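Peer 1: Predicted structure and sequence below. I'll ask about it afterward.
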Amino acid sequence: MFIFRLYTFLFLSLSLSFLLQCLPTDVFSNEIDSPELRAAIDDLNNSDPSIRFSAVMALDRLKSRAGVIPLIAALQDNELNIRKKAAEVLGEMRAPSAVEPLIELLWDNEPAMRIEAISALREIKDIRSIYPVTLLFKDNDPLVRRTAVWFYYVLRDHNALPGLIDALKDNDAGVRRYAAEVLGAYGNEALSAKKSLIEAMKDTDPGVRLEAALTLGNYERNRPVTPFLHLLNDSDPLVRIVALKALGSNSYKDARVLRSMIEILKDPYPQVRVEVIKSLVQYRDSFVLKYLKEMANDKDADVRREAQAAFIKIKEPGLGEEIQESFSVNAIDSGQQTLLELKETLNSKHIEYIISSLYDTSPDIRKQALILAKGYYKVGELTNHIIALLNDRESEIRAQAVTALGDYKRVGIIEDSKGIENIIATLKDEESDVQLRAVAAIGEYGDRRASEPLMSLFKKKFELRGLSHLAEIYLYAIWGVGDPKAAPLIINYIYPNTAELSINILYSLDPWMAEEIALIHLVRNQRVTASSVKNILKRSKNPQLLRFLVKELKHGERNAKRDAVWLLGEMGDTSSLEALGVALNDQDEEVRNEAKISFSKIKYRNRKYFKADQP
């Protein structure tokens, strides 16, 4: 009998559990019979606004799922404070069924309501809200724009990146600050924002400069040097500290950075001086010891302690390596002066000495002088002499010289096209390594005069035997020059291993031709995974593309379906809704999620096409 009762109890428990799971989560609650809950729901229909507001407050306190539907209805109340409080409560309850009604409130007449709707959607974290909120980046109220930008600090999504980058140019400083900070949360995913962030580091608002510097400084690769060097002279000490932290990383160990740091050791703010010392320690170089000795007598106690600790750390055995790339201990002439000695006092007084060494009869001396010249912080004064080394007898020196010119152009030391004709001539160098470095330098210069010689060398090198891994250097150089005449050449070199790069270059030279080639590439290869192809085709209105994507949703493999769904959302054609409806029920979760986002994009891009109550 006991066994029978036990089995009966277990059966009833499991059955009840199953039934409870089947009930809609938004309407089920163990408080459904609560008198207070029923009274609050009834009061939402009262004609007195104060009673309706008290009812919303009661539902906020109870947090019952049975109150979700009444709260959604309250979003249409004619009293702003009631609509706002209802949205706030729904956000706190993370009610999925409230997402669509809250999205509709993004177009409410009251800015305060739009702000509350964004905040509630941020709490719910539903992917359906990812695209609609981007539309508020152009709202006429700056506080709404700020809230919309901050939304993506929580719900980071690549669809928001273009809008966030544009927000760096907003006329409201708060929007620009938020945009820079949110881009920082994306990390290396936001590398496309690099150019805009560099511009933001020149912003009139110190908060924007600070956030832009923090974001750019956190990138793991492709961090520029020159913008951070400029920030060392910023009027805001916090900005100077951030710049020092970025420059203090191991990737910036060169003499130009070192000298800039030494120049601000006398900064009026103690915390800046402390940060300089921390950065100098990264060099592990005995050269900085004499400056640390001076700072050990600083009037500020924190600066003195940091300097003394840094001095001890550098003096420890094994930590005194020299910076070989910027300086050398090799003798530069027969006298007593060495490069190590020279580097400690290197300034404009030594310019004549450096120049004469660049023309020394000894190849070793010329090499060492070139290294020293590259580390000189006013290297622009030496540009003509480095250009002259392009005709040096030693191929290694020619290679170093042309690389130096490309580097100087990239970081802004050379602001015009100085030396470009000499670099073009270097394309005929008998040494392939020198040629290749000249090609890379031409890409940095981006001068159209190099277009014909560059394309001629490219065809000579690769036309007969296909593309090697070195071809990418040539392709990037052609991209940098940006001559539309190169488009037909690029079409002939869309090989599998360089297809994405080639199509991207083609798009920058001739967008119409690129779209046609991308479509051919897409159909021929039966795939849409290449980001270059997707980004070019997302604005296409070609019916052939639409038919192909719909076919992919029915018969493609998982990645192809996911990318096809994304592309349909970017194209925004309402005729693809039926196909996206099928994708909403796909067996793969990633495909379903992407379909939700794409459906949302099309719906809110074409709001007039949809009825307000259409799901």
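Peer 2: In hand now; what should we look at? Bear in mind the structure is a predicted one, so any value in this text is a computation, not a measurement.
Peer 1: where along the stretch 201-350 of the chain do the helices fall?
Peer 2: With helices called from DSSP state H, counting those that start in this stretch, the stretch 201-350 of the chain shows them at 206-217, 226-231, 237-247, 255-263, 270-281, 289-295, 301-315, 339-344.
Peer 1: Who are the contact partners of residue 513?
Peer 2: Contacts for residue 513 (Cβ atoms under 8 Å, 6 or more residues apart in numbering) come out as 487, 491, 506. Quick note: C-beta positions are derived from backbone N, CA and C, even for glycine.
Peer 1: my bad, should have said residue 56
Peer 2: By Cβ under 8 Å, 6+ apart, the contact set of residue 56 is 44, 71, 74, 82, 85-86, 89.
Peer 1: which ones are touching the spatially most central residue of the chain?
Peer 2: Nearest residue to the geometric centre of the chain (Cα atoms, centre = their mean): residue 190, 1.5 Å. If you count contacts by Cβ under 8 Å, 6+ apart, residue 190 has them with 161, 164, 183-184, 215.
Peer 1: tell me which element the closest residue to residue 185 other than its chain neighbours falls in.
Peer 2: For residue 185, ignoring the flanking residues on the chain, the nearest one in space by Cβ to Cβ, 6 or more residues apart in numbering is residue 153 at 5.3 Å. For residue 153, the enclosing helix or strand under DSSP states H and E is helix 142-154.
Peer 1: most surrounded residue in the contacts of residue 56?
Peer 2: residue 86 (32 neighbours; other Cβ atoms under 10 Å).
Peer 1: Go ahead and confirm that residue touches residue 80.
Peer 2: No. Assessed by Cβ atoms under 8 Å, residue 86 is found out of contact with residue 80, at 10.8 Å.
Peer 1: Okay, strands next: where are they in the chain?
Peer 2: Here the chain has no strands by DSSP state E.
Peer 1: mind checking which helix or strand of it has the lowest mean pLDDT?
Peer 2: Sorted by mean pLDDT, DSSP states H and E, the helices and strands of the chain end with helix 2-22, the least confident at a mean of 39.
Peer 1: pLDDT wise, what is residue 469 at?
Peer 2: What the model reports for residue 469 is a pLDDT of 64.
Peer 1: Please read the previous query as pertaining to residue 1.
Peer 2: Here, the pLDDT recorded for residue 1 equals 43.
Peer 1: just residue 518 next, same as before
Peer 2: pLDDT, residue 518: 69.
Peer 1: now do residue 434
Peer 2: At residue 434, pLDDT is 91.
Peer 1: check contacts around the residue nearest to residue 263 when sequence neighbours are not counted.
Peer 2: In space, and not counting its chain neighbours, residue 263 is closest to residue 232: 7.7 Å by Cβ to Cβ, 6+ apart. Residues in contact with residue 232 (Cβ under 8 Å, 6+ apart) are 240, 243-244, 247, 260-261, 263-264.
Peer 1: I would like a PyMOL command selecting only the buried ones among these, please.
Peer 2: Here is the PyMOL command that selects only those of these that count as buried (16 or more other Cβ atoms under 10 Å):
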select buried, resi 240+243+244+247+260+261+264
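Peer 1: and the contacts of residue 232 as JSON lines, adding pLDDT?
Peer 2: Shown next, in JSON lines, are the contacts of residue 232 (pLDDT from 0 to 100):
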{"residue": "240", "pLDDT": "91"}
{"residue": "243", "pLDDT": "89"}
{"residue": "244", "pLDDT": "88"}
{"residue": "247", "pLDDT": "83"}
{"residue": "260", "pLDDT": "81"}
{"residue": "261", "pLDDT": "84"}
{"residue": "263", "pLDDT": "84"}
{"residue": "264", "pLDDT": "88"}
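Peer 1: quick check, nearest of the contacts of residue 232 to residue 439?
Peer 2: Of all the contacts of residue 232, residue 439 sits closest to residue 247, with 29.7 Å by Cβ to Cβ.
Peer 1: how close does that closest one sit to residue 51?
Peer 2: Separation of residue 247 from residue 51 (Cβ to Cβ, to the nearest Å) stands at 62 Å.
Peer 1: ditto for residue 235
Peer 2: Noted for residue 235: a distance of 55 Å to residue 51, by Cβ to Cβ.
Peer 1: So for these two, which sits in the more crowded spot?
Peer 2: Ranked by neighbour count (other Cβ under 10 Å), residue 235 and residue 51 place residue 51 first, with 13 against 8.
Peer 1: Alright, I will stop here.
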